[in-house]
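A.B. asks: Next come a sequence and a model predicted from it.
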Amino acid sequence: MKKLLTVAILAFLTVTLLVAGGTKESKGDQSLEKVVSKGVFVMGLDDSFPPMGYRDENNEIVGFDIDLAKEVTRRMGVTLKVQPIDWNAKEQELNTGNIDCIWNGFTITAERRKVINFSDPYVDNAQVAVVRNKTSYKTLADLAGKSIGLQAGSSAADAVANNTAFASSVKEVIEVKDNLTALMDLEIGGVEAVVLDLFVAIDNITRSGKDFRILDEHLAPEEYGVGFRKGDQALRDEVQKQLNAMAQDGTLAKISTIWFGEDITVVGK
Amino acid sequence: MGKLLLLMLEGTFTSLKIFFLTLLFSLPLGLIVAKGRMSKFRVVSSIVNGYIMIMRGTPLILQLIFVYFAPYYIFGASTDRFTAVIIAFVINYAAYFAEIYRGGIQSIPQGQIEASKVLGLSKFHTFTHIVMPQVVKTILPSMGNEVITLVKDTALAQTIGVAELFRVAQNAAARQFSTTPIFIAGLFYFIMNGVVSKSFDLIEKRLDYYK
């Protein structure tokens, strides 16, 4: 019995190591051919991330990023498949080939750059702190000794972790599954502030009508990009080419105006 | 790597806290619920039955969210998130345990109870010295099942922001862009449940008292 257990544990560990270590192998870059021959481009996203990508009343996934991807794939002559994923498992989804890219308000960070092949930034963003309107917080320093909430695995989590002065001043960081839960937690007083993307914050406050406001002091300026597998240079370049063309003929500006009322894109600027 | 394991041990400690506190409260509560379910008073038994139906008929993840958020919308006050986790787990598991207890209690032939009465044992005495020793033996395998499920269910606590083992592992995975922490967490759960099943084996052997 003991022997059997040892064998089982060893087998488990071996599989773990293989899965973790044995994924990098490439025979030239066929990423673009693969997508074109399949005729399908799979974009992975968190389908609860308005206004970049979310479910509308008809349970259809819509959003700014979806419209961009639709236009890009139309120009590439392939069909777009929108694949909702668990945001926390996004790297695994990408590395195992379940999706061709992560395209969903995906923040470009130095750490992510090491393992992900990013497109050029297409939108500028910032991490901001949202507080209840009736509280007196004005700056990030006012949040010292308080609990703050954020979405686990999000770039807000990175932004807070990287801002050591702020991270060490707060009492604790409560991580939950999505921004909505974090904001509900803010409403009931479980946390004093929620850190999240500026666009998401604006969108949430306007659509929910909740009595929240955004602190003027921002945590971290950042850029959104489309993330590809490290080896998929050809596919990345093709998507970038289409984005550049869309910036030039004004399509990007048009889509941006639909979702944000103005052109917030930065491609070719 | 060392730092990661330290973090994961911390997460494991939280998971274990949830596990033991849930057992501590839900095991006795389950017995009370089982008694209520078998009550001769229709009002009591139907209320308890309704409670069991809700607990078993809705997802635990939903109950967690309800216990944490609902009090604010109803009473305007909210509980601490860890307390909410314990409450949700206890009322959920008590319902399952109650049904297991009931199955065990009802498996005791009525003749034994009548015999005890004839021998002059009190109702309480009959329950503690005749019924329960047999019940505990028969329900052990089903209890083992439920307790093992509880170990794995602790991973749901992250829904309302309690950083247990699986949340820590997922965060580390996101940070390092690697699946390894998740698999290590799997190993942790596996070991914990190894201890649970071993303990149940031991208890079963200990309770060999009718042979």
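C.D. replies: Yes, it's here. Numbering: from 1, shown residues only, chains lettered A, B, ... in the order given.
A.B. asks: so what's residue B:192 up against?
C.D. replies: Taking Cβ atoms under 8 Å, 6 or more residues apart in numbering or on different chains as the criterion, residue B:192 is in contact with B:12, B:15, B:16, B:151. In this view, the C-beta of every residue, glycine as well, is placed from N, C-alpha and C.
A.B. asks: That one: which element?
C.D. replies: For residue B:192, the enclosing helix or strand under DSSP states H and E is helix B:180-206.
A.B. asks: Spell out which residues of chain B are next to chain A.
C.D. replies: Proximity of chain B to chain A is assessed by Cβ under 8 Å from any Cβ of the partner chain, with B:65, B:68-69, B:72-73, B:78, B:81, B:158-161, B:163, B:167, B:170-171, B:173-175, B:177-180, B:183-184, B:186-187, B:190, B:194 identified as the residues in range.
A.B. asks: Excluding chain neighbours, what is closest to the residue nearest the centre of chain B?
C.D. replies: Centroid check for chain B by Cα atoms, centre = their mean gives residue B:93 as the closest residue, at 4.0 Å. Setting aside the residues directly before and after it, residue B:93 is nearest to residue B:26 in space (Cβ to Cβ, 6 or more residues apart in numbering or on different chains), at 4.0 Å.
A.B. asks: So that neighbour sits against residue B:94, correct?
C.D. replies: Yes - with contact defined as Cβ atoms under 8 Å, residue B:26 and residue B:94 form a contacting pair (4.3 Å).
A.B. asks: just the helices in the stretch 151-269 of chain A please.
C.D. replies: A:155-162, A:164-169, A:179-187, A:198-208, A:233-248, A:251-260 (DSSP state H, counting those that start in this stretch).
A.B. asks: Out of these, which is closest to chain B?
C.D. replies: helix A:179-187 (5.9 Å; Cβ to the nearest Cβ).
A.B. asks: so does that closest one get close to chain B?
C.D. replies: Yes - against chain B, helix A:179-187 shows contacts by Cβ under 8 Å from any Cβ at A:181, A:184, A:185, A:187.
A.B. asks: Can you name the element that comes right after the helix or strand containing the residue nearest to residue B:93?
C.D. replies: Taking DSSP H and E as the criterion, residue B:26 maps to helix B:2-37. Helices and strands here follow DSSP H and E; after helix B:2-37, the next one along the chain is helix B:42-57.
A.B. asks: Show me what that next one is packed up against.
C.D. replies: For helix B:42-57, the helices and strands in contact under the criterion 3 or more Cβ pairs under 8 Å, 6 or more residues apart in numbering or on different chains; DSSP states H and E are helix B:2-37, helix B:81-106.
A.B. asks: okay, the angle between the first one and helix B:42-57?
C.D. replies: Okay, so that is helix B:2-37. Angle of helix B:2-37 versus helix B:42-57, following axes from the mean of the first three to the mean of the last three Cα atoms, to 10 degrees, is 150 degrees.
A.B. asks: Can you name every helix or strand that helix B:2-37 contacts?
C.D. replies: For helix B:2-37, the packing partners by 3+ Cβ pairs under 8 Å, 6+ apart come out as helix B:42-57, helix B:81-106, helix B:132-153, helix B:165-176, helix B:180-206.
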